[in-house]
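Undergrad: this is the structure alone, sequence omitted:
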DNA sequence: AGCACGCCGACT
DNA sequence: GTCGGCGTGCTC
């Protein structure tokens, strides 16, 4: 060592391992060799030895420090895979909080947040970064229109949390290009954020929504300031877009659910379109929805948060009621022309198929001037148990869960708590006769086409979706959720399968239907009639007055009484009976400072393959405690569990892992279906 | 996951 | 007396 070299402090890197194993879900300290000092910055991918020098694991440096927290001898970082800091501190903090809340691994969340590395893409990007051509400054003063003078602007500027009732209309953003008006609103909000020098993230449920948003953005924001980050795009494209987000210049980042993890520095806005759409539910562990990630990220970053939708979800309504999110409605108000009809399908079946005469007449007239939307149910619903006499769906008398039946002559039992419904009787008509109701498949386009001979028919469904249709007359038959945007709006909207959609057995069926119908009605031209067939009561009323939030608000007291989401939270625990039993028995039974908060367990019920499932219901105050408790149960059960079995027959040794030792899932609304 | 440590049966 | 079986536990 020469005299000039100052004695260097030992540099320590704290590393998150890329591993799904819960027992490895913590930071490990490694010494940074002198040769890697320059590269070993927080956020970079590294390779490190684990347990023995021969075994190399991958991970990310989360932070560097000079203080030693680990008392043993440190191993050295083996290699810095790339000097690009892909796991930013903000995203790391988000991943850690989100995983804690969901009793999952931080590395599982990071896997959603950081796309796999593409060496060629990364090299090209790095080269481009050196050439230092910063984008032209975005000079504009965009404003969010349709909500009163600068009302939303100031909400954005002050970082508020907002539940925004979208404007039910379509809009021509450039000649011949029509999008839902909601897309314009979100694009304006994003543009305003960008103009203030900050980035905006906009999460939409599916690709069709994303297209509309991009069209709306393209006329407001320079194209090189827009990134599309979508888990379905090819890896190279996704990684390229991801790297762009790491650049200092603010951007608008658009994508589906995983976009809420985009590494935008200086984040000014997170916007979520239609938060109740099930596509916002992440199917990968730890199963955290866009809504929840957005709420956590807003809390951490202090950015503005915009939930926009035509129909308010009960989850959002709860947040409005506790004052956490502020509601805004269009000003001037926009009221679609909704007409409920109790008319029965016409007797003349051959001519009118199953369309009631009022609906048929309206459609006939509208078809003379432009396109008409016909929304139908998706084919094939599961059979449900209902009262044989009055058709009221059968529910568990203990917990209001859904009743299921195993075999033909078996007694129905509750899917949630397992209670046997031995002496069931209908709470509506007191009948004791229960039967299986099978909702038939949806009506076909051909069937509808026969009712309107000589008309152009366009079918849009899950397999053959149409994004848009032109303004010429056509009967557009779409399954719910696959409605195209029509140039100028539909001249009439027919919601035909209301009854069938409502027949689906699910706690959330009413709010789901309200969302599907509202989204379809919002595609109508100004003052064009939207006819809803066979639906009355509070549902129809909230559509006619276009005040879906009132319906959501009215749901909440019932949910509180029944102890159902969103008034309580749920966690389902699946595993072998003794494991689930252990996890349940180690749950906390009280939370300090929240003496009135309660927790209870439904089940366990059989989940097949020798596994059982219990559903834990708890008040929000319990959230952190329940997550922590379940997490430690997961860790306890994940260690030393590999069992080797010697097969008697062949004498060969097979190593097998018992199926998921303990699976935990929070706020899974599908459990109620 | 992997891999090392550690405590009981059949062998030079 | 040991060699090695795989249950248990740890990984900076």
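TA: Nice, I can see it. Everything numeric in this text was worked out from a predicted model, so none of it was measured. Residues are numbered from 1 along each chain as shown, chains lettered A, B, ... in the order given.
Undergrad: quick check: residue A:127 vs residue A:121, distance?
TA: 11 Å (C-beta to C-beta, to the nearest Å). All C-beta atoms are positioned from the backbone trio N, CA, C, and that covers glycine.
Undergrad: more crowded one of the two?
TA: Higher neighbour count among residue A:127 and residue A:121: residue A:121, with 19 against 9, using other C-beta atoms under 10 Å.
Undergrad: is that one within a helix or a strand, and which one?
TA: Assigned by DSSP states H and E, residue A:121 belongs to helix A:119-130.
Undergrad: which other helices and strands does that helix contact?
TA: Packing partners of helix A:119-130 (3 or more C-beta pairs under 8 Å, 6 or more residues apart in numbering; DSSP states H and E): helix A:235-245.
Undergrad: buried stuff in the helix or strand immediately after the helix it packs on in the chain?
TA: Using DSSP H and E, the next helix or strand after helix A:235-245 towards the C-terminus is strand A:252-255. Neighbour-count burial for strand A:252-255, with 16 or more other C-beta atoms under 10 Å as criterion, is recorded at A:252, A:253, A:254, A:255.
Undergrad: the third one contacts residue A:211, correct?
TA: No - contact between residue A:254 and residue A:211 fails when scored by C-beta atoms under 8 Å: they sit 10.0 Å apart.
Undergrad: show me the contact partners of whatever helix or strand comes next after the helix holding residue A:121.
TA: Where DSSP H and E defines the elements, the next helix or strand beyond helix A:119-130 is helix A:151-157. Residues outside helix A:151-157 that contact it (C-beta atoms under 8 Å, 6 or more residues apart in numbering): A:143-144, A:162, A:164, A:185, A:189, A:192-193, A:196, A:268-269, A:304, A:306, A:326, A:328, A:331.
Undergrad: what do you get if the cut-off is 6 Å, keeping everything else the same?
TA: Outside helix A:151-157, the residues that touch it by C-beta atoms under 6 Å, 6 or more residues apart in numbering are A:143, A:144, A:162, A:189, A:192, A:304.
Undergrad: next, count neighbours for the last one.
TA: Meaning residue A:304. 25.
Undergrad: run through the residues that contact it.
TA: Here residue A:304 is in contact with A:156, A:159, A:160, A:269 (C-beta under 6 Å, 6+ apart).
Undergrad: look up how far DNA strand C lies from residue A:184.
TA: For residue A:184, the distance to DNA strand C (C-beta to the nearest atom of the strand, to the nearest Å) stands at 51 Å.
Undergrad: give me the element that residue is part of.
TA: helix A:181-195.
Undergrad: strand partners of the helix or strand just after that helix, parallel vs antiparallel please.
TA: Following helix A:181-195 in sequence order, the next helix or strand is strand A:199-203 (DSSP H and E). Note on strand A:199-203: by DSSP bridges, its sheet partners are strand A:252-255 (parallel), strand A:267-273 (parallel).
Undergrad: so which of those gets nearest residue A:233?
TA: Across these, residue A:233 has its closest neighbour in strand A:252-255 (8.6 Å, C-beta to C-beta).
Undergrad: and that closest one, how far from the chain's centre?
TA: The chain centre lies 16 Å from the centre of strand A:252-255; the measure is C-alpha atoms, centre = their mean, to the nearest Å.
Undergrad: mean confidence for it?
TA: What strand A:252-255 shows for mean pLDDT is 98.
Undergrad: stretch A:591-603 now?
TA: So the average pLDDT for stretch A:591-603 ends up being 88.
Undergrad: run through the residues that contact residue A:401.
TA: Here residue A:401 is in contact with A:414, A:415, A:416, A:417 (C-beta under 6 Å, 6+ apart).
Undergrad: what's the local residue count around the nearest residue to it once chain neighbours are set aside?
TA: Leaving aside its sequence neighbours, residue A:401 sits nearest to residue A:416 (C-beta to C-beta, 6 or more residues apart in numbering; 3.0 Å). Residue A:416: 28 surrounding residues under other C-beta under 10 Å.
Undergrad: not counting its neighbours along the chain, what's nearest the residue in the stretch 251-400 of chain A positioned nearest to DNA strand C?
TA: Minimum separation of the stretch 251-400 of chain A from DNA strand C (C-beta to the nearest atom of the strand) falls at residue A:285, amounting to 18.2 Å. Nearest non-adjacent residue to residue A:285, counting by C-beta to C-beta, 6+ apart: residue A:108, 5.1 Å away.
Undergrad: do the same with residue A:420
TA: residue A:413 (5.0 Å).
Undergrad: distance check, that neighbour against residue A:385.
TA: 10 Å.
Undergrad: any residues of chain A in contact with DNA strand B? List them.
TA: A:21, A:23, A:24, A:51, A:52, A:54, A:55, A:638, A:639, A:642, A:657 (C-beta under 7 Å from any atom of the strand).
Undergrad: where does chain A dip in pLDDT?
TA: Scanning chain A for pLDDT under 70 picks out the ranges A:1-8, A:343-354, A:379-384, A:391, A:406-409, A:437-444, A:640-660, A:672-673.
Undergrad: grab the most central residue of it for me.
TA: Centroid-nearest residue in chain A: residue A:280, 1.6 Å away (criterion: C-alpha atoms, centre = their mean).
Undergrad: pull the contacting residues for that one.
TA: A:205, A:257, A:289, A:290.
Undergrad: with residue A:492 instead?
TA: By C-beta under 6 Å, 6+ apart, residue A:492 lies in contact with A:362, A:363, A:366, A:372, A:528, A:529.
Undergrad: TSV for the residues you listed, including secondary structure and neighbour count?
TA: Formatted as TSV, these follow (DSSP: H, G, I helix; E, B strand; the rest coil; neighbours: other C-beta atoms under 10 Å):
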residue	secondary structure	neighbour count
A:362	helix	23
A:363	helix	24
A:366	helix	23
A:372	strand	27
A:528	coil	23
A:529	strand	22
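Undergrad: make a markdown table from those residues and add distance to residue A:241 to it.
TA: Formatted as a markdown table, the contacts of residue A:492 follow (distance: C-beta to C-beta, whole Å):
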| residue | distance to residue A:241 |
| --- | --- |
| A:362 | 45 |
| A:363 | 43 |
| A:366 | 42 |
| A:372 | 38 |
| A:528 | 38 |
| A:529 | 42 |
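Undergrad: between these, which is nearest residue A:87?
TA: Using C-beta to C-beta, those come closest to residue A:87 at residue A:528, 49.7 Å.
Undergrad: correct me, but the closest one touches residue A:491?
TA: Yes - judged on C-beta atoms under 6 Å, residue A:528 makes contact with residue A:491 at a distance of 5.2 Å.
Undergrad: still on that earlier bit, farthest-separated two in the contacts of helix A:151-157?
TA: Longest span within the contacts of helix A:151-157, C-beta to C-beta: A:143 and A:162, 15.3 Å.
Undergrad: distance of residue A:24 relative to residue A:102?
TA: 17 Å.
Undergrad: the more surrounded of these two?
TA: Each of residue A:24 and residue A:102 has its neighbours counted (other C-beta under 10 Å); residue A:102 has more, 26 against 18.
Undergrad: distance check, the more buried one against DNA strand B.
TA: With the distance defined as C-beta to the nearest atom of the strand, residue A:102 ends up 20 Å from DNA strand B.
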